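Peer 1: got a predicted model here, sequence first, then my questions.
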Amino acid sequence: MSAPVPSQPREETFIEEMKRYLHLGENDAILLKRLLPRLEKHLPEMAERFYAQIPHHPGASRVFTGGQAQVVRLKSTLQAWGRGLFNGVYDEHYADDRFQIGFRHVRIALDQKYVISAMGVVRSFLQEKMFDEFPNRKERLAYSQALSKILDLDLNLMCDSYFRATMAHLQTLNQELAQAGLQLAEANAIKDEFLAQVSHDLRTPLNSILSFTKLVLDGLCISPEEEKEVLRDVFSSGQLLLRLVNDLLDISSIEAGKLALQLEELDPRAVLDSTLPLVAVQAASRNLRLVDETLEQQLPLVRGDEIRFRQVLLNLLSNAVKFTPSGGVAIRATVDHAQGFLRIEIEDTGIGIPADKRDSVFEKFVRHDPAALSGITGSGLGLAIAKRLVEMMHGKIGLEGGSKGNGSIAWFTLPLASHAQPPEARPA
Amino acid sequence: MNQPAPQGRKQRIIIVEDNALVAKFFQMALERAGGFSCLITEDVPGILREVAAGEVDLVLLDVSLTNAEWDGRNVNGVELCRLLKEKSPRRLPVLLATAHAMSGDRERLLESSGADGYLEKPVYESAQLVAKVRELMA
């Protein structure tokens, strides 16, 4: 149940205020009503005069996009306005109607000065017709004054409408500007954070290289074996540094939109066969089984970039091996003919990733190295790169929990060649 | 090659540092200098047990830690330092290792943690590390 609205002193509306200001009274309304039958026959010509201004409007081609049909429609609207002008009903409804004009025109970027000057043309046309209709000067004066008042009222309503519409438009623009400013600040903050992270991550292996080299140079190792061990740390730090630099170059060229992919028909079998041996050594050295369950399958052609396809596959496979202390890694493939994609799954029996963290691993520098793997072992960019590459090949990527309750399943999809967009022109 | 100079009981240093290679460098630098025996760990309850038993002579503590947990949550070097000072039955020097980017915060970190000194990372010179440790133990 709504509470009764407390009675308030009603503010004078704009139209009442203007009527009072212009001394537009009952008498004028009566005179104007009488004018209608005398001037109605001139309304078509009035509309012609009004719209004869269009060619002089600098943005006409932008505003009057509806062609001749639109102009014909507008001319009849203008005549209807003319009839309403003499009709004698100058109420809120009349005002509301005129208040729409500004909003309409601001929306289509029609400059108000052109409409106001066209209304001036209408005014002098109607006054000119008054001379024809009322040769008697005294009679003409009374009618002419009433006509002037209503035209002034109309012009005032229109100008007020332009003012309100412009304010509303500015407000929208301001909001958009503020929003853009916020987004820019946010992007900037992300960039700063990225830079800080990158410089930290670059320094870490570099510091190890320097400090261990110095240890050897200072003769602090107690045996040639220990010297070798320290040099191995220097070497692996160098490798990590190189990987980080490569990944940084990759991600920055992807984000700058400078990485061009060559999308072509690919045989997934060939990519799998050439990639798996690269991780097989890694897996064998950790006593992990690496099982390709796709061997018996006939895999359809997909559409992608061969080098990037291999890069994604290698990244997911080496992650699986890296985070699996025991057990194995299996590669599976499923084909969805209806949706038109090939899905490649890599399941490991490793440490897994909690469900609520699975999306964030695809963000830059999000690592889930557990205690067992303390210290930085990767660039923290591999999955972020893989995600972007897969998306550039019009596929998807994700991470799920392993089917046996432990480990995880990393998967990605690529569109089938038979289902993909027709290839763009490329050298034969 | 330098030979450790055995003179009675070796001084016990706990190294709390989440980067394995950095920790390894600290350990090698100190042990080769002679007179120190180091333990690398992020196991907070274990550290506190040793400290409470008065078996530790110095703790080398990194400010940012990944795996150090106490009371069911992760703790950083500053919080851990306060814990150590609280539990130790005797004077326990703590050397706080701070990263390069924290130069502005260094004094504040030192004060809020109650540490006895700080070591600015990166450290390449083992002599510099050893000198700092000996200074705090003196």
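Peer 2: Received, thanks.

Peer 1: by contact count, what packs against the helix or strand harbouring A:Ala330?
Peer 2: A:Ala330 belongs to strand A:328-336 when elements are defined using DSSP states H and E. Under the contact definition 3 or more CB pairs under 8 Å, 6 or more residues apart in numbering or on different chains; DSSP states H and E, strand A:328-336 sits against helix A:268-285, strand A:289-292, helix A:306-322, strand A:341-348. Placement of C-beta: from N, CA and C, glycine included.

Peer 1: count of residues packed around residue 43?
Peer 2: With no chain named, the answer covers chain A. Each residue near A:Leu43 was counted by other CB atoms under 10 Å in any protein chain shown, and the total is 21.

Peer 1: you looked at the wrong chain, it should be chain B
Peer 2: Neighbours of B:Asp43 under the rule other CB under 10 Å: 16.

Peer 1: how about A:His337?
Peer 2: Around A:His337 there are 11 other residues, counting by other CB under 10 Å.

Peer 1: show me what the helix or strand of chain B with the lowest mean pLDDT is packed against.
Peer 2: Every helix and strand in chain B was compared by mean pLDDT, DSSP states H and E; the lowest is helix B:106-113, with a mean of 83. With contacts defined as 3+ CB pairs under 8 Å, 6+ apart, the packing partners of helix B:106-113 are helix B:77-87, strand B:94-98, strand B:117-120.

Peer 1: go again using 6 Å as the cut-off
Peer 2: helix B:77-87 (3 or more CB pairs under 6 Å, 6 or more residues apart in numbering or on different chains; DSSP states H and E).

Peer 1: what residue ranges in chain A score low on pLDDT?
Peer 2: Along chain A, the model assigns pLDDT under 70 to residues A:1-11, A:366-379, A:420-428.

Peer 1: farthest residue from the center of it?
Peer 2: Using CA atoms, centre = their mean, the residue of chain A lying farthest from its centre is A:Asn136. It sits 66.9 Å away.

Peer 1: next one: that one relative to A:Gln171, how far apart?
Peer 2: Going from A:Asn136 to A:Gln171 by CB to CB, to the nearest Å gives 52 Å.

Peer 1: picking up where we left off before, quick one: the residue farthest from the centre of chain A from A:Ala338, how far?
Peer 2: 86 Å.

Peer 1: just the CA trace of stretch A:312-325, in CSV.
Peer 2: Extracted in CSV, the C-alpha atoms of stretch A:312-325 (Å, rounded to 0.1, in the frame of the first residue of the first chain):
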residue,chain,number,x,y,z
VAL,A,312,50.6,-25.3,-26.2
LEU,A,313,50.8,-29.1,-26.2
LEU,A,314,54.4,-29.0,-25.0
ASN,A,315,53.5,-26.5,-22.3
LEU,A,316,50.6,-28.6,-20.9
LEU,A,317,52.6,-31.8,-21.1
SER,A,318,55.7,-30.4,-19.3
ASN,A,319,53.5,-28.9,-16.6
ALA,A,320,51.8,-32.3,-16.1
VAL,A,321,55.2,-34.0,-15.8
LYS,A,322,56.6,-31.2,-13.6
PHE,A,323,53.8,-31.4,-11.0
THR,A,324,53.5,-35.2,-10.9
PRO,A,325,55.9,-36.8,-8.4
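
Peer 1: which parts of it count as buried, going by neighbours?
Peer 2: A:312-324 (16 or more other CB atoms under 10 Å in any protein chain shown).

Peer 1: hmm, who's touching it?
Peer 2: Residues outside stretch A:312-325 that contact it (CB atoms under 6 Å, 6 or more residues apart in numbering or on different chains): A:275, A:279, A:282-283, A:288, A:329, A:346, A:348-351, A:382, A:386, A:389-390, A:410.

Peer 1: buried only: go through these for me.
Peer 2: Neighbour counting by 16+ other CB under 10 Å classes A:275, A:279, A:283, A:288, A:329, A:346, A:348-351, A:382, A:386, A:389-390, A:410 among the contacts of stretch A:312-325 as buried.

Peer 1: quick check, nearest of those to A:Gln100?
Peer 2: Of all these, the one with the least separation from A:Gln100 (CB to CB) is A:Val390, at 50.3 Å.

Peer 1: for the closest one, helix, strand, or coil?
Peer 2: Three-state assignment for A:Val390 (DSSP: H, G, I helix; E, B strand; the rest coil): helix.

Peer 1: which parts of chain B are strands?
Peer 2: Using DSSP state E, the strands of chain B run over B:11-16, B:36-40, B:58-62, B:69-70, B:73-74, B:94-98, B:117-120.

Peer 1: what strands line up against the second one, and which way round?
Peer 2: Sheet pairing of strand B:36-40 (DSSP bridges) gives strand B:11-16 (parallel).

Peer 1: list the contacts of stretch A:143-154.
Peer 2: A:18, A:22, A:24, A:28, A:31-32, A:35, A:85, A:123, A:130.

Peer 1: no, scratch that, I was asking about stretch A:61-68
Peer 2: Outside stretch A:61-68, the residues that touch it by CB under 6 Å, 6+ apart are A:70, A:108, A:110.

Peer 1: any idea which of the residues you listed has the most stuff around it?
Peer 2: Highest neighbour count within the contacts of stretch A:61-68, by other CB under 10 Å: A:Leu110, with 20 neighbours.

Peer 1: excluding chain neighbours, what is closest to it?
Peer 2: A:Val63 (4.9 Å; CB to CB, 6 or more residues apart in numbering or on different chains).

Peer 1: please apply the same query to A:Ala47.
Peer 2: Leaving aside its sequence neighbours, A:Ala47 sits nearest to A:Lys75 (CB to CB, 6+ apart; 4.1 Å).

Peer 1: contact residues of chain B facing chain A?
Peer 2: Within chain B, the residues that sit near chain A (CB under 6 Å from any CB of the partner chain) are B:1, B:18-21, B:25, B:32, B:67, B:122, B:124.

Peer 1: buried ones only from those, please, as a PyMOL command.
Peer 2: In PyMOL, this line selects whichever of the residues of chain B next to chain A come out buried by 16+ other CB under 10 Å:
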select buried, chain B and resi 18+19+20+21+25+32+67+122+124
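
Peer 1: hey, which helix is longest across chain B?
Peer 2: helix B:20-33 (DSSP state H).

Peer 1: helices or strands next to that one in the packing?
Peer 2: strand B:36-40, helix B:126-137.

Peer 1: a markdown table for the ones you listed, including mean neighbour count?
Peer 2: As requested, the helices and strands packed on helix B:20-33 are exported to a markdown table (neighbours: other CB atoms under 10 Å in any protein chain shown):
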| stretch | mean neighbour count |
| --- | --- |
| strand B:36-40 | 18 |
| helix B:126-137 | 16 |
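
Peer 1: dump the ones you listed to TSV, plus mean pLDDT.
Peer 2: TSV is the format used below for these (pLDDT from 0 to 100):
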stretch	mean pLDDT
strand B:36-40	95
helix B:126-137	93
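
Peer 1: okay, the ones you listed in CSV with distance to A:Leu249 next?
Peer 2: Listed next are these as CSV, based on distance: least, CB to CB, whole Å:
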stretch, distance to A:Leu249
strand B:36-40, 34
helix B:126-137, 34
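
Peer 1: which one of the ones you listed lies nearest to A:Asp96?
Peer 2: Checking the helices and strands packed on helix B:20-33 against A:Asp96 by CB to CB gives strand B:36-40 as the closest, at 79.5 Å.
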